[in-house]
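Q: Kindly generate the corresponding structure for this input.
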Amino acid sequence: MKRHTSRRHFLLTAGGGAAGIGLASVLQVKPARATPAAMQEAIRKVVGPARVNTGKVKLELPPLVENGNTVPLTVSVESPMTQADHVRAIHVFTEKNPQPDVVSFRLGPRSGRASVATRIRLADTQTVVAICALSDGSFWSGSADVVVTLAACLEDG
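A: Okay, the predicted model is just below:
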């Protein structure tokens, strides 16, 4: 006796099998474990051999966050934002997220002011660093420590 499979039954079976294979392959992938050294390496990729000075950059984060999934962050830089003297970029790095380079903003003299605001995810209690690149080729930094009570990014299943 020949058995006929309906198109719907075939699609449900094939989709479920593909989902199972996809889920199995995802479960075998281990999350990246970031370290302060990984953050320093990410910073070196941005600044190269240049010296990073402390100052000019104000990084605002709440010192204690209940949920690491949406952490408000504001970075502002002391700069006149003129054609001759302006902020070219602002980069944000974290030491314990799976990817240490969180976000980069490109600015120019027409930006008006060197200030950006966003929300980021934090995997754990850690230090967040902001580095700005000025039009004269110098780099400046600021940092903030954040205590996270409910981590994001690295939840193991």
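Q: Could you report the distance from the residue positioned nearest the centre of the chain to Arg119?
A: Closest residue to the average C-alpha location of the chain: Val102 at 1.8 Å, with Cα atoms, centre = their mean. Distance, Val102 to Arg119, by Cβ to Cβ, to the nearest Å: 11 Å. For every residue, glycine as well, the C-beta is placed using N, CA and C.
Q: before we move on, what about Gln40?
A: Gln40 is 25 Å from Arg119, by Cβ to Cβ.
Q: Ser138 too?
A: 29 Å.
Q: Who has more neighbours out of those two?
A: Ser138 (14 against 9; other Cβ atoms under 10 Å).
Q: Identify the residues contacting that one.
A: 50, 53 (Cβ atoms under 8 Å, 6 or more residues apart in numbering).
Q: Next: Thr125.
A: 96, 145-148.
Q: what about the closest residue to Pro36 other than its chain neighbours, how many neighbours?
A: Closest residue in space to Pro36, ignoring its immediate chain neighbours: Glu95 at 4.4 Å, by Cβ to Cβ, 6 or more residues apart in numbering. If you count neighbours by other Cβ under 10 Å, Glu95 ends up with 20.
Q: Hmm, Glu95 is touching Leu122, no?
A: No. Contact criterion Cβ atoms under 8 Å: Glu95 and Leu122 do not qualify, at 10.2 Å.
Q: can I assume Ser76 sits in a helix?
A: No. Assignment of Ser76 by DSSP: H, G, I helix; E, B strand; the rest coil gives strand, placing it outside any helix.
Q: Tell me the spacing between it and His86.
A: 14 Å.
Q: got any residues that touch both of the two?
A: Joint contacts of Ser76 and His86 (Cβ under 8 Å, 6+ apart) are Ala114.
Q: Who are the contact partners of Pro80?
A: Contacts of Pro80 (Cβ under 8 Å, 6+ apart): His86.
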